[in-house]
Each structure stands twice: as structure tokens, then as C-alpha cells.
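1. how would this look folded up:
(2 chains)
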Number of protein chains: 2
Amino acid sequence: MPIKNIDDAILKDISVEEGVEVEFLKRGIMHGRIILPMNVKRNRVKPIAIGEGLRTKVNVNIGTSGSVSDIDMEVEKARVAAIYGADTVMDLSTGGNIDEIRRSLIEASRPLPFGTVPVYQAWIEGVKKYGSAGIPSDWFISTVEQHLRDGVDFMTIHAGISKELAKKAIKSMRIMPIVSRGGSMIAVWMLENNEENPYLQHWDYLIELFKEYNAVISLGDALRPGTVVDAFDALQIEELVNNAKLARDAVSKGVQVMIEGPGHMTLEKIAADVKLMKSLSGRVPYYVLGPLVTDIAVGYDHIAAAIGAAVAAANGADIICYLTPSEHLSLPNVEQVKEGLIAAKIAAHAGDLIKLGERAVKRDIDMSLARARLDWNTQIALSFDREKARSIKTQFGETERSCSMCGQYCVFILLEKYLGKREGVKLDDILARVLKGVTL
Amino acid sequence: MPIKNIDDAILKDISVEEGVEVEFLKRGIMHGRIILPMNVKRNRVKPIAIGEGLRTKVNVNIGTSGSVSDIDMEVEKARVAAIYGADTVMDLSTGGNIDEIRRSLIEASRPLPFGTVPVYQAWIEGVKKYGSAGIPSDWFISTVEQHLRDGVDFMTIHAGISKELAKKAIKSMRIMPIVSRGGSMIAVWMLENNEENPYLQHWDYLIELFKEYNAVISLGDALRPGTVVDAFDALQIEELVNNAKLARDAVSKGVQVMIEGPGHMTLEKIAADVKLMKSLSGRVPYYVLGPLVTDIAVGYDHIAAAIGAAVAAANGADIICYLTPSEHLSLPNVEQVKEGLIAAKIAAHAGDLIKLGERAVKRDIDMSLARARLDWNTQIALSFDREKARSIKTQFGETERSCSMCGQYCVFILLEKYLGKREGVKLDDILARVLKGVTL
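-> Coordinates of the predicted model:
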């Protein structure tokens, strides 16, 4: 097995939670189609399996910036992420004492798997120490090692953007040559130093490191499109080809890996993008950031991203990175983290209704049965955000039986009042029909 | 022409706004593929063309309920709908003095086309006067006439649910036999009276009426699915078949018509649903409510609906009915109307990027160019909700050049600082490339 610290009990738990066989999990893990981010240094992290045939997972990004560095707020975001059902948390901190912040956030995010983008810290601290053109290539690797020692479970590694690709990007006809922050740091370093990507230079050592710590390499997409008109171009695909080769290499060496995807992309390209990535990479997990299906949803980008994420998940994306309403405008506040997470959860579930079919539909059935019975407590209990559901339900005061939208003209009340209780149809029969997959 | 009060000047205006030829509009109108809701009794209503080859439109529902009847709030909703870019407004009032409320809301909604669901008033006032089993069938038609006289531009007419279909629905294995409020009223009336649908009984007279007033029949979907597990079943499709026949009849008689669609439906069925409707009906406009791609997004149903609506629009749906965060829980408040509308606008635009291609992409390009230049004023000016965009931008105080997400590590600043101003790439060239459709 390419994963060190999991035993049969863990696999059994996951198999029950996901509704798949243990053998299916083992086979998926063996072939790199399923990963479990779980650094050997980290205790009591919840085993989360990501990949083919499993529920679509949702990641929440937190962390300070150069402008806003409030560790308490970031800790609160980690807490909210866990409460509202994030599957993983990533720390993107670029401000304050990055080592300290990371260690606090790892603790705060427990029990969720925890990820980072080590190039941020390497570059920011490297520039201070050496100037941008002077950072030695192995400096980028020592930051990775430090994060692994701290127990980070998965890391974005921008190895797919070669020096050649960075040159092409800068000279490209794109509106935005590069929009990945980490990608731009690597590109600047390569072009200033005329050296190959440090992660490529030290790839074999990285492989050893990630194997030793049982952590997951998340191959970053430095050249992901930053506008729908730059999407699915040669730059994006050439980097994907590179990442797919690296992913196959990692899998062949028993190292867990996933690939990161767009980005900004119009709706009709998303299925092709997911299928291409799966084909090129030998079906390792795909981790998408959005995709945002339009560039103009400023202030509501969590909705533009939810649209793309649902379609991506339906077509096989395995983990969705949430976006918040503050995307493109500001670091999110705590409320925006919650809003973004719930939008991504809805998208992931909409995708799972396709990807997993009847395995995903139980909560929809329970909600619908509660709806038909005007059982408000169950409806609220089944919602993503009970507090919000309850407050909307009573925003115009308490109502009898139905809600304030329809009042006494609620369809369920009308049908019962005039046509009597339903006869000849048992809810159990309906359930059986649905679980046989008759209409879904 | 099937439309009375439009002249060449109006068609010219629309052709400029939509970026199509006048001849294209005329041909679409002639064949019933494009409609312009514009009651001859109503003055100064904005001509809005809905249908094939045109921008996807968004409708906002407002109106009182039996529990909450606050005319000032509904007037404010109409105002907010117009400000934030609704294309049409529908009054679904079921509480208070329905005639008075409708007349106020028609005024408040000016200049937008205005729709109603006349069965609500007919049934509510009919039950008071006659008892539910005693309402004469032509009572339902006189309400329609009253609405036409008041200047209503389009009306939901639940003519597709025959008595036979209502019987089947009640005995069906659906979790929710009927979720359409108006549909349940018609079903109750038919089953209590053992009579055929009043709108079918009087169909020829309805055709004359709508022709006289130049109004649009919006064929209601009384049997739309209310949960994803009831979607795309025989009941839904049999009603669609009925509605499609009625639509073809209306078109052949020079009456404007559209058909209403789901409802709750998982992602992968939406394209098939739209294409089936278009094929059966001879491509009259499709007006979808959602579709909601999952049942469990309580409190966030505008997001579940935006996902489905984007996919529906991309596949040919012509007008989207917004849903608000209060769907399934409460009448919406004014803020929720705004949130629902903006979510639907994002979905419509995401669909238009596919349906209309480069004709829809200018705002995305402008936004992206402003983003690449760190031109915040333009980004905010191009957003759906400037106030919200501005408030998020400054939620952690003012920032220099970039935003508080990346601070000094903004990609655009990094690339320029270390690699210099972009050379050899002119933004005009990029624009030309995009407008030629090279990558979109």
C-alpha cells in the first residue's frame, strides 16, 4: 500500500461512510485513484478519502495576507469550516509569522486534513534573505520539509510550470498570463535566474520526502486561466500534460498525488477539462478551484463557482476548493467563509447526485418526505445551516402548519383538505422505488 | 405579425440591444420562437423580447401571501427588481385585496413586463363565493379577462393538466403528487366537480382574449417535479406533451405563448428536458423555475437554482424564474429578492456565454482587463451589486493598489515588479483575438 499509517479499521470506517467496499478502496489507493491525506507526524486527523467513486469533498482556504493578519480570525474560520462540513482546510498565509500561524491553524483545524502552499513562505522569506534573484533552488525544498515536519497533510507543489512554459506565458496573448500567486513566484524566480523550476530540479527528493511523511502532492496549476477567454488554451493544457506525467511518476513510486484545476472556464468546457485530466493522468484525483463560469460575478463569486463546481463534480472532479463572496476583492471574513463553504457543499452534492446516483440521494428523499409532511423541524435539521433556515422560516413571525409563502394555500394542505389523505400509496413503496434507482 | 403594438422602431431597438438582425426577430416572432409580452392596454412598457437566439431573461416573483400581506414591501421588491436588472416581474399575490394589489404592483413594476397567475385569485375568491365544488368553469376565465383589462402582459395558464392527468397524479407513486399551487387548485376543482380543466373547456375563447390584448399565455406546469426523485417522470412529460400541443395551436392562431418548466431536477437531466420541450413545442420560449439541482439547499435555494438555471440556459432555456434564499421556508423579504435576482442573473449570463458565445462576452473581457490593470473602480462599476462589491473591497480598510487577499503579493504586482511591463502584447490584439472567437 502506498499509504503508511492506515489500517483495516480505518478503511472499514471509510467504506461504511462512503458506501463502497474495502476492496474498492484498496484498489483505488493502489492505483493512485484514491488518496488519504494523513501525514505520519499528525495525530488524530480524520481519515478523508478523496477520489474516484467517492463523495466529492470540499476544501476551505484560510490564512493571513500581507494586508490583514489576524490569527484569531483565521482560527475562527477554521472552526467554522469544521462546523459547516469542510472536508479539508488549507492555510494560504502570507502575512505575519508564517511558521507560527501554520502551527496554530493546524491545531485549530483538527481533525481535518490540513494543506499548505509552501512556495508562499519560501518566496516571501527567501526574498527577504537573498533578494528574489538570489534564492537558492533548494531553499524551496527546505520549506516543504519544514511543513512536512509540522504535520501538513497535503501541499500545492507548482512543478508543472517549466521554465519554457513560463517564458511562453509571459509572451502569450492571454489577458492574464498568470493568475496563480504561487505560480507567479516560481515563474519570476525561474525567469530571473534562468533556471529550471526548483520543484522539477529536486523532484526525486520531493518524492522521497512525501513518501516518508505519507503526505499528498497536490500539483498546482500555475497557468490556470484567470478569465473565461483565456480558458482551455495551450498554456493550460501544456501544464496539465506536465502535471499528468509527474502524477503518473508519483503513483508509480507509491506517492499520493492529485492535480489542481481551473479557474475561470465557461460551462461547456468543464466536462471536457475533467475528462482530459483524468485520461492524461491515469485518473488521479482532480482538485478544482471553482471553476468560475463567468468573470463578472464580483461579490457573488461563490455562486459563479458553485455553478462550475457542480458541473465539474458531476463529471468526475473529486475535491472542490470553495470560493467566497470576497473572491477578487478582499480576504474573506468569517461569515463569507461560511457562505462560500455552503455554496461549495451544495455544488458537491449536486454533482454527487450524478456521480454516485442513489448512493447520494438519501438526504434529498428525507428532506422531500419532511416537506410533504410539513415537518419543519426535520427540514431544518437536514439543512446545511440550521440557524439560517430557522431564522428565515420565522422572519415574518410564526405560521401555522405551512410557511408564510403560501399560508393556507399550501399545496399539501389544499390537496389533503379537498381530496383527503393520500390512499393506496405507501411512502415505503416510494422509497423502495427510488432506492432501486427507478427515476433518479 | 402576431404582435399588435410593435413597430419597426421597437424591433430596431431590440435588434441593437440583442445584437441580432431585425429580420431574425421578425422571423422568430412569426414562428412563435420569440415573444414580446406587451398588453395593448399598458403604456410605456419596456419591450423585452424572449426566445431563441436572444439573451436569457430573468423573472422576479413578488406578491402577498395569506400570511403576509404588506403592499409597501411588495412595491419595494418591484423597485429592487427593476434596479438590479430583472427583465420581467410576476405578481403571485394570494392575500389582501388582490385586485388592488395587482394594480399597485403593475404601476410599481413599470417599465417591466408584468405577469400574473390568475387561477390564484379565481380560486380564492371563487371558494369564498361558491365553495370549492361550486365554482362555475367560466369564473376562471373572467378572472383572466379582468387581468387582461388591467394590462397584465403575460399569465400562467394551467391548461396542460387534464382531468385524467390530475387523477393519475393523485394516485401516483410520486413523493409529492403536485407542488404547483395553481396546479393543485385546478386539480382539486376538476376532481371535486368531475369536470375537464376550465382552461381547456374555454381554450378557444382564451385564444381570442390573448390575441385581442396581445398578451402572452405562459402554459403552467402543474405537474412539475417537487423533488429530484420525481423528476422527468411520465406525469411531467405527459403534461409537457399537452402544453406543447396547446402552444403549437396558439402559435398557429397568432397568439404569443411560452411553456413553463421544472422545478426540481438533477443536473444531468436538464439538457434533455430543454431539448425535449423545444422539440415537442416547435421551439417556443421555455420559462424555467430553477431547476433546483438538489432538494437539500434549504436557506440557499437560490444557489441550487442558479446551478440548474445556468445549465438550462446554456442548453436553450429562454427565461429563468429566480428563486430566493427563502424558497420552501417563507415569503422573501426585500434583501432576499435582491440576492435571488443576482444569483439568477449570474446563471443567465453563464448560460449566455454558451448560447450566444462572443455576443455575450464583452462584459467578461472588460472585467478581466480591469482586473489585470488593478482598476477597482471599473471592476465595481461592472458588478451586479456595486454597493456590495465596494463594501467587501474595503471591509478590512483601504488597501494600496491590490486587494487585501494578496496585498503586496498580488500576481499582477509581482509580475510587473520583477519582469517589467508586458511587452509585445497589445490589449487590442487580445480583444481582437477574443472577438474572433478564437478561444471562447
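2. can you count the residues close to whichever residue of the stretch 301-440 of chain A sits closest to chain B?
-> The shortest separation between the stretch 301-440 of chain A and chain B is 2.9 Å, found at A:Gly407 (distances taken as Cβ to the nearest Cβ). Bear in mind the C-beta positions are built from the backbone N, C-alpha and C, glycine included. Residues lying near A:Gly407 (other Cβ atoms under 10 Å in any protein chain shown) number 21.
3. now do A:Val144
-> A:Val144: 27 surrounding residues under other Cβ under 10 Å.
4. I'd say it and A:Leu206 touch.
-> Yes. With contact defined as Cβ atoms under 8 Å, A:Val144 reaches A:Leu206; the gap is 6.7 Å.
5. which residues sit in contact with the residue in the stretch 1-150 of chain A positioned nearest to chain B?
-> The nearest approach of the stretch 1-150 of chain A to chain B comes at A:Gly66, 2.9 Å away (Cβ to the nearest Cβ). When contacts are counted by Cβ atoms under 8 Å, 6 or more residues apart in numbering or on different chains, A:Gly66 touches A:Thr94, A:Gly95, B:Cys406, B:Gly407, B:Gln408, B:Tyr409.
6. Relative to A:Leu415, which of the residues you listed is nearest.
-> Here the nearest of those to A:Leu415, counting by Cβ to Cβ, is B:Cys406; it sits at 54.9 Å.
7. Kindly give the local confidence score, pLDDT, for the closest one.
-> Note on B:Cys406: pLDDT of 92.
8. what's the answer for A:Gly424, then?
-> We note a pLDDT of 63 for A:Gly424 in this prediction.
9. what's the answer for A:Met176, then?
-> You'll see A:Met176 listed with a pLDDT of 93.
10. Contacts only, for it.
-> The contact partners of A:Met176, by Cβ under 8 Å, 6+ apart, come to A:Pro225, A:Gly226, A:Thr227, A:Asp230, B:Ser368, B:Arg371, B:Ala372, B:Val411, B:Phe412.
11. Please parse chain A into its domains.
-> Listed by automatic domain parsing, the domain ranges of chain A are A:8-356, A:359-435.
12. which of those sits most buried?
-> Counting by mean count of other Cβ atoms under 10 Å in any protein chain shown, domain A:8-356 has the highest mean neighbour count of those, with a mean of 22.
13. Tell me the helices and strands packed up against whichever strand or helix holds A:Tyr287.
-> Secondary structure assigned from DSSP states H and E places A:Tyr287 in strand A:286-289. Other elements packing on strand A:286-289 under the criterion 3 or more Cβ pairs under 8 Å, 6 or more residues apart in numbering or on different chains; DSSP states H and E are strand A:257-261, helix A:267-281, helix A:301-314, strand A:319-321.
14. can you list contacts of it?
-> With contacts defined as Cβ under 8 Å, 6+ apart, strand A:286-289 is touched by A:50, A:59, A:218, A:221, A:224, A:258-263, A:274, A:277-278, A:305, A:308-309, A:312, A:316-321, A:323.
15. So which bits of the stretch 151-300 of chain A are right by chain B?
-> Within the stretch 151-300 of chain A, the residues that sit near chain B (Cβ under 8 Å from any Cβ of the partner chain) are A:170-181, A:183-185, A:187-188, A:191-192, A:226-233, A:266-268, A:293-300.
16. Now do the helix or strand encompassing A:Glu208: everything it contacts.
-> Following DSSP H and E, the helix or strand that holds A:Glu208 is helix A:203-213. Contacts with helix A:203-213, where a contact means Cβ under 8 Å, 6+ apart, come from A:2, A:39-41, A:141, A:144-145, A:148-149, A:157, A:159, A:199, A:216-217, A:246, A:249-250, A:253-256.
17. Extract the C-alpha trace of that helix and format it as PDB.
-> These are the backbone C-alpha positions of helix A:203-213, laid out as PDB (Å, rounded to 0.1, in the frame of the first residue of the first chain):
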ATOM      1  CA  TRP A 203      11.600  16.200  -8.000                       C
ATOM      2  CA  ASP A 204      13.200  12.900  -6.900                       C
ATOM      3  CA  TYR A 205      14.000  14.200  -3.500                       C
ATOM      4  CA  LEU A 206      10.400  15.600  -3.100                       C
ATOM      5  CA  ILE A 207       9.100  12.100  -4.000                       C
ATOM      6  CA  GLU A 208      11.200  10.600  -1.200                       C
ATOM      7  CA  LEU A 209      10.000  13.300   1.300                       C
ATOM      8  CA  PHE A 210       6.300  12.900   0.500                       C
ATOM      9  CA  LYS A 211       6.700   9.200   0.700                       C
ATOM     10  CA  GLU A 212       8.400   9.400   4.100                       C
ATOM     11  CA  TYR A 213       5.700  11.600   5.600                       C
END
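18. what is the mean pLDDT for whichever helix or strand comes after that helix?
-> Heading C-terminal from helix A:203-213, the first helix or strand you meet, by DSSP H and E, is strand A:216-219. The predicted model assigns strand A:216-219 a mean pLDDT of 98.
19. Packing partners of strand A:216-219?
-> Packed against strand A:216-219, as judged by 3+ Cβ pairs under 8 Å, 6+ apart, are the following elements: strand A:154-157, helix A:203-213, helix A:234-252, strand A:257-261.
20. Quick check: next helix or strand after the helix or strand that contains A:Leu25?
-> With the criterion set as DSSP H and E, the secondary-structure element containing A:Leu25 is helix A:22-30. Per DSSP H and E, the first helix or strand lying C-terminal to helix A:22-30 is strand A:34-35.
21. Average pLDDT for that following strand, rounded please.
-> What strand A:34-35 shows for mean pLDDT is 98.
22. before we move on, what about stretch A:256-272?
-> Predicted confidence along stretch A:256-272 averages 97 (mean pLDDT).
23. roughly how far apart are A:Gly182 and A:Val337?
-> A:Gly182 sits 21 Å away from A:Val337, taking Cβ to Cβ, to the nearest Å as the criterion.
24. can you check A:Thr378 too?
-> For A:Thr378, the distance to A:Val337 (Cβ to Cβ) stands at 27 Å.
25. ok, now A:Asp138?
-> When Cβ to Cβ is applied, the distance between A:Asp138 and A:Val337 equals 35 Å.
26. Contacts for the lowest-mean-pLDDT helix or strand in chain A next, please.
-> When the helices and strands of chain A are compared on mean pLDDT, DSSP states H and E, helix A:427-435 comes out lowest with a mean of 72. Residues from elsewhere that reach helix A:427-435 (Cβ under 8 Å, 6+ apart): A:Glu358, A:Val361, A:Ile365, A:Leu369, A:Thr439, A:Leu440, B:Met173, B:Arg174, B:Ile175, B:Val229.
27. Could you export these as CSV, including distance to B:Glu327 and secondary structure?
-> CSV is the format used below for the contacts of helix A:427-435 (distance: Cβ to Cβ, whole Å; DSSP: H, G, I helix; E, B strand; the rest coil):
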residue, distance to B:Glu327, secondary structure
A:Glu358, 25, helix
A:Val361, 20, coil
A:Ile365, 19, helix
A:Leu369, 18, helix
A:Thr439, 22, coil
A:Leu440, 22, coil
B:Met173, 25, coil
B:Arg174, 20, coil
B:Ile175, 17, coil
B:Val229, 18, helix
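28. what's the farthest-apart pair in these?
-> Based on Cβ to Cβ, the longest span within the contacts of helix A:427-435 runs between A:Glu358 and B:Arg174 and measures 16.8 Å.
29. Listing partners with orientation, what would you give for the strand holding A:Tyr287?
-> Partners of strand A:286-289 in the sheet, by DSSP bridges, are strand A:257-261 (parallel), strand A:319-321 (parallel).
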